[in-house]
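Visitor: How does the following fold in three dimensions:
(one chain, ligands or ions: 1)
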Amino acid sequence: MNFSRLLKTTSALTSRWLCSGRFQSTSAAAQKLVDVSVDSKTGVSIVSLNRKPVNSLSLELFKEFCGVMDDLESEKVRGMILKSSCDNVFSSGLDITELYPHPDEDRFHAFWLWFQETWIKLYGSSFPTVAFINGHAPAGGCVLAISCEYRIMLPYYKIGLNEAPVGIVAPDWVVNSLKSVLASRKAEQLLTSGRLLDTQEAFDIGLIDKIVNNEEEALARSEEFFSTFDNVPKLARALTKQQVRKNEISKLIKNRSNDAKLFLNHILRPETQKIIGSYFKSLKDRKK
Ligand SMILES: CCCCC/C=C\CCC/C=C/CC(=O)SCCNC(=O)CCNC(=O)[C@H](O)C(C)(C)COP(=O)(O)OP(=O)(O)OC[C@H]1O[C@@H](n2cnc3c(N)ncnc32)[C@H](O)[C@@H]1OP(=O)(O)O
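Guide: Now for the predicted structure:
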């Protein structure tokens, strides 16, 4: 099966979940969780995550994001910049309330499939993608950033995969996305320590590509990146990118339901619930 068909194909079970209208946000029409605009100078689409206050990643946000990615694919956009509309936070990672306390199993299953779907669409997109990391990007926030092709970050924020210290083990598709950006040894160090790096440290190890001081500079640096493809036929570029990324994507597509079951089992374990619970409490207590 060719890769484009594989991207559209998913198991019957997965399709049933992704296509079902369950877990529809009642306020979806009232509040957009993902905004899209077009930079009139460059024709590039700017996609802003807009789930206040910290862009924690919920099932509804993933669904809306996937819809936006489908639109951008069919419009054959020149490129996409992913950023945040929240002050100081790019994304705070998975919405912990999707994981704790003891989530509803059906919802968690759907939540995980939509997280996978988001990764498949972002990591496998045909058009060039830039993450403008205009705030902190821990955990799932970092996953979004490393799924893009190029990363530009404002100074003094933190980025990394801090799952291990809270008892969470990253799935292989997340590990492999990190290894597509960093050498294996650096990726392992970052994952096993769960350390969050500041902007300069992230630049020094190659986790991000550029440091900028403001949005204007970010747009200029993004344009430099996009223009490196101006003389490359779009289809050849897209197929080459997918050629590089297809093994990881194909592996997940064939294993989606299992991957979801594995994480559901992990999340429902009393020890995991306890660790996430105390982590969440410490997050809330920080402000007291
Ligand atoms: C999960 C099991 C399967 C294993 C999968 C493993 C790996 C897969 C790879 C990806 C998965 C990753 C798992 C996650 O993403 S779990 C989430 C991890 N996220 C974090 O650890 C970040 C936590 N947040 C922060 O550190 C800070 O909020 C901040 C992002 C630095 C921003 O700080 P600040 O601006 O000071 O804002 P507040 O801290 O006051 O936050 C405002 C408000 O929002 C609540 N909140 C923050 N983050 C989350 C979140 N991720 N989910 C839900 N809610 C969150 C915070 O508690 C505040 O609430 P209150 O106003 O009610 O106090």
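Visitor: Can you list the residue ranges for strands in the stretch 151-288 of the chain?
Guide: 158-160, 197-198, 210-211 (DSSP state E, counting those that start in this stretch).
Visitor: who does the second one touch, helix- and strand-wise?
Guide: On a contact count with 3 or more CB pairs under 8 Å, 6 or more residues apart in numbering; DSSP states H and E, strand 197-198 meets strand 158-160. For glycine as for every other residue, the C-beta is placed from the backbone atoms N, C-alpha and C.
Visitor: buried sites along stretch 98-117?
Guide: 98-100, 103, 108-117 (16 or more other CB atoms under 10 Å).
Visitor: Kindly present those as JSON lines, with separate columns for distance to Ser184.
Guide: Putting the buried residues of stretch 98-117 into JSON lines (distance: CB to CB, whole Å) gives the following:
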{"residue": "Glu98", "distance to Ser184": "30"}
{"residue": "Leu99", "distance to Ser184": "28"}
{"residue": "Tyr100", "distance to Ser184": "32"}
{"residue": "Pro103", "distance to Ser184": "33"}
{"residue": "Phe108", "distance to Ser184": "31"}
{"residue": "His109", "distance to Ser184": "31"}
{"residue": "Ala110", "distance to Ser184": "33"}
{"residue": "Phe111", "distance to Ser184": "30"}
{"residue": "Trp112", "distance to Ser184": "26"}
{"residue": "Leu113", "distance to Ser184": "28"}
{"residue": "Trp114", "distance to Ser184": "29"}
{"residue": "Phe115", "distance to Ser184": "24"}
{"residue": "Gln116", "distance to Ser184": "23"}
{"residue": "Glu117", "distance to Ser184": "27"}
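Visitor: Now narrow the residues you listed to whatever sits close to the ligand.
Guide: Leu99 (CB under 6 Å from any ligand atom).
Visitor: With respect to Leu196, which of the buried residues of stretch 98-117 is nearest?
Guide: Leu99 (19.0 Å; CB to CB).
Visitor: can I assume that closest one is in contact with Ile275?
Guide: No. With contact defined as CB atoms under 8 Å, Leu99 does not reach Ile275; the gap is 10.6 Å.
Visitor: intersection of neighbour lists for the two?
Guide: Both Leu99 and Ile275 lack any common contact, where contact means CB atoms under 8 Å, 6 or more residues apart in numbering.
Visitor: Can you tell me the SS state at Lys83?
Guide: Put simply, Lys83 is strand when judged by DSSP: H, G, I helix; E, B strand; the rest coil.
Visitor: the helices in the stretch 1-150 of the chain, which residues?
Guide: 3-8, 12-19, 59-75, 105-123, 140-147 (DSSP state H, counting those that start in this stretch).
Visitor: Now do the fourth one: which elements does it pack against?
Guide: Which is helix 105-123. helix 12-19, helix 59-75, helix 140-147, helix 172-179, helix 234-254, helix 256-268.
Visitor: So which of the strands of the stretch 151-288 of the chain has the densest surroundings on average?
Guide: strand 158-160 (a mean of 24; mean count of other CB atoms under 10 Å).
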